[in-house]
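[1] Sequence and predicted model, in that order:
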Amino acid sequence: MATRDDVARLAGVSSSTVSYAISGRRKISDATRERVEQAMRDLDYTPNAFARGLAGSRGGIIALHYPSSTRGYSATEFEYVSQTSARARLRGYHVLLWTGAADDVDGLRGLVSQGLVDGVILMEVGLNDPRIEVLEASSTPFTMIGRPQDPAARTFVDNDYDAMARLAIDHVAGLGHHQVLFLGQTTRPLDRGEGPMARTRRALEAPARERGVRLDLVEVDNTAASGHAAFEAYLALTPRPSAVIAFNEAALAGMAHACALAGVRIPDDLSVVALSLGDDAAELMSPPMTTVSPPVGIIAEYAVDGLVGLIDQRPGPAMHALVAPLLTVRASSSTAP
């Protein structure tokens, strides 16, 4: 089993520098940090977070509060869990996945009051999220993947929804599509996806108007069965859209299945662009989906590193990071028929 000294020798630094790279307690150059992290990866070295916690009066554990639903986690959602866990390990922490509902503030209050975790990463952040008040009242360091209506001086990383919407609209408009169905998700206050759905819907309006694209909004529950209902809504539209921009992973899978059953060919008859869909989930669909999505690994890196900085009480302004999405063209989008 590799040791910290082995990492130091491979990276060409001292053992104390390896410790600083893991804990972030002292400033080191980006180049040095990258050498240390590469050496850790090469040696498959995982810092002993519990031993470090005993030495520094910390448990070496951070909580990822990702509210679950009756359907569990999708492939894209689990990618956030795995990437966050991987980044935390690299920074010397273990991750506790907390799946309580977003409005279960008593459960969250109980978790942080026991001193089991050094900090919390919030996911599925609502526009008026009650968890923020709980964490601030307990002085628990926290970061957010997502952001509330008023982020103020709070640390967050989020998808750049304006850039995502513009990339999607420019892609379909450039292919000649001017009648587009936006497949969204039905949400209520504190529902999972409330904030992202509202921001996506709003962000699509300006680029659609500028490119002469008419958007027909269809919102359904995030289930495969609801995707079949969305397909029926598509058939009832006049004129019928030639493209779909989807922000509803499970319903998109159901709608693609309904298209196949009805003989509607993707992309020959109907082009599809999926928003915030992970690469694995996109490749599993038939046909593989064109996506406009932020790199999950970069979001996880910002969230974990931002939280470690707060835990270590490093001075500086609150981090407000928007991650640019990437357009990945696959087999689901083509020129308008």
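    Done, it's in.
[2] Model confidence for residue 65, exactly?
    Residue 65 is assigned 95 on the pLDDT scale.
[3] For it, grab the count of nearby residues.
    By the criterion of other Cβ atoms under 10 Å, residue 65 has 25 neighbours. Yep, even glycine has a C-beta here, placed from its N, CA and C like the rest.
[4] for it, phi and psi?
    phi -90, psi 100 (degrees, to the nearest 10).
[5] doesn't residue 98 make contact with it?
    Yes - look at residue 65 against residue 98 with Cβ atoms under 8 Å: they come within range, at 4.6 Å.
[6] Are there residues contacting both of these two? Which ones?
    Here residue 65 and residue 98 share the contacting residues 108, 120, scored by Cβ atoms under 8 Å, 6 or more residues apart in numbering.
[7] For stretch 124-141, which residues meet the burial criterion?
    The neighbour-count criterion (16 or more other Cβ atoms under 10 Å) identifies 124, 125, 126, 129, 131, 132, 134, 135, 140, 141 as the buried residues of stretch 124-141.
[8] so how far is residue 254 from the closest residue to residue 235 other than its chain neighbours?
    Counting by Cβ to Cβ, 6 or more residues apart in numbering, residue 262 is the residue found nearest to residue 235 once chain neighbours are left out, at 7.9 Å. According to Cβ to Cβ, to the nearest Å, residue 262 stands 13 Å off from residue 254.
[9] cool, and residue 182?
    16 Å.
[10] out of those two, which sits in the busier spot?
    Using other Cβ under 10 Å as the criterion, residue 182 and residue 254 rank with residue 182 on top: 24 against 21.
[11] what's the helix or strand for the more buried one?
    Using DSSP states H and E, residue 182 sits within strand 179-185.
[12] For that strand, which strands pair with it and how are they oriented?
    Each strand paired with strand 179-185, and its direction, by DSSP bridges: strand 214-220 (parallel), strand 243-246 (parallel).
[13] just checking, residue 250 touches residue 223?
    Yes - here residue 250 lies in contact with residue 223, judged by Cβ under 8 Å, at a distance of 5.2 Å.
[14] that older thread, looking at the strands paired with strand 179-185, which is buried most?
    A comparison of the strands paired with strand 179-185 by mean neighbour count, using mean count of other Cβ atoms under 10 Å, puts strand 243-246 on top with a mean of 27.
[15] And the next helix-or-strand element following that strand, what does it pack against?
    Per DSSP H and E, the first helix or strand lying C-terminal to strand 243-246 is helix 249-262. In terms of contacts (3 or more Cβ pairs under 8 Å, 6 or more residues apart in numbering; DSSP states H and E), helix 249-262 is packed against strand 179-185, helix 224-236, strand 243-246, strand 271-275.
[16] For residue 4, find the nearest of the ones you listed.
    The minimum distance between residue 4 and those falls on strand 271-275, with 42.2 Å, by Cβ to Cβ.
[17] what angle separates the closest one from helix 249-262?
    Here strand 271-275 runs at 170 degrees with respect to helix 249-262, directions being taken by axes from the mean of the first three to the mean of the last three Cα atoms, to 10 degrees.
[18] which helices and strands does the helix or strand following strand 271-275 pack with?
    Toward the C-terminus, strand 271-275 is succeeded by helix 279-284 as the next helix or strand (DSSP H and E). If you count contacts as 3+ Cβ pairs under 8 Å, 6+ apart, helix 279-284 packs onto helix 75-90, strand 290-293.
[19] Good, wrapping up.
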